[in-house]
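Trainee: Generate coordinates for the sequence data below:
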Amino acid sequence: MKVVQSIFRGFRLISLIVKPILKALSKSKF
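Mentor: Numbers count the residues shown, from 1 in each chain. So this is what the prediction gives:
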């Protein structure tokens, strides 16, 4: 299932990019 692996890799990359952004937003809000 190459498609599932590619989607899982993309999801991991997105999470790595989104997590620091969410942390920065939470710090700026509070």
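Trainee: can you map out the helices along the protein?
Mentor: Secondary structure of the chain (DSSP state H): helices at 2-29.
Trainee: Got the confidence number for the residue sitting nearest the centre point of the chain?
Mentor: Nearest to the mean C-alpha position of the chain, by C-alpha atoms, centre = their mean, lies S15 at 1.3 Å. S15 carries a pLDDT value of 96.
Trainee: can you count the residues close to Q5?
Mentor: As a burial measure, Q5 scores 9 neighbours (other C-beta atoms under 10 Å). Quick note: C-beta positions are derived from backbone N, CA and C, even for glycine.
Trainee: ok, it to R12 distance?
Mentor: 11 Å (C-beta to C-beta, to the nearest Å).
Trainee: Next: K27.
Mentor: For K27, the distance to R12 - C-beta to C-beta - is 24 Å.
Trainee: K19 now?
Mentor: Applying C-beta to C-beta to K19 and R12 gives a distance of 11 Å.
Trainee: which intervals of this protein have sub-threshold pLDDT?
Mentor: The chain contains residues with pLDDT under 70 at 30.
Trainee: let's see it at 80
Mentor: Regions of the chain meeting the criterion pLDDT under 80 cover residues 1, 29-30.
Trainee: give me the number of residues near F11?
Mentor: Each residue near F11 was counted by other C-beta under 10 Å, and the total is 10.
Trainee: try V4
Mentor: 8.
Trainee: go on, S6?
Mentor: By other C-beta under 10 Å, neighbour count at S6 equals 10.
Trainee: what's the answer for the one 3 residues further on, then?
Mentor: A count of nearby residues for R9, using other C-beta under 10 Å, gives 10.
Trainee: Same check on the one 3 residues further on?
Mentor: Applying other C-beta under 10 Å, we find 10 residues neighbouring R12.
Trainee: Equivalent analysis for F8, please.
Mentor: 11.
Trainee: from now on call the first residue 48
Mentor: Sure thing, new numbering starts at 48, so read that last one as F55.
Trainee: Now do it against L63, distance only.
Mentor: 13 Å.
Trainee: Repeat that for S75.
Mentor: S75 is 20 Å from L63, by C-beta to C-beta.
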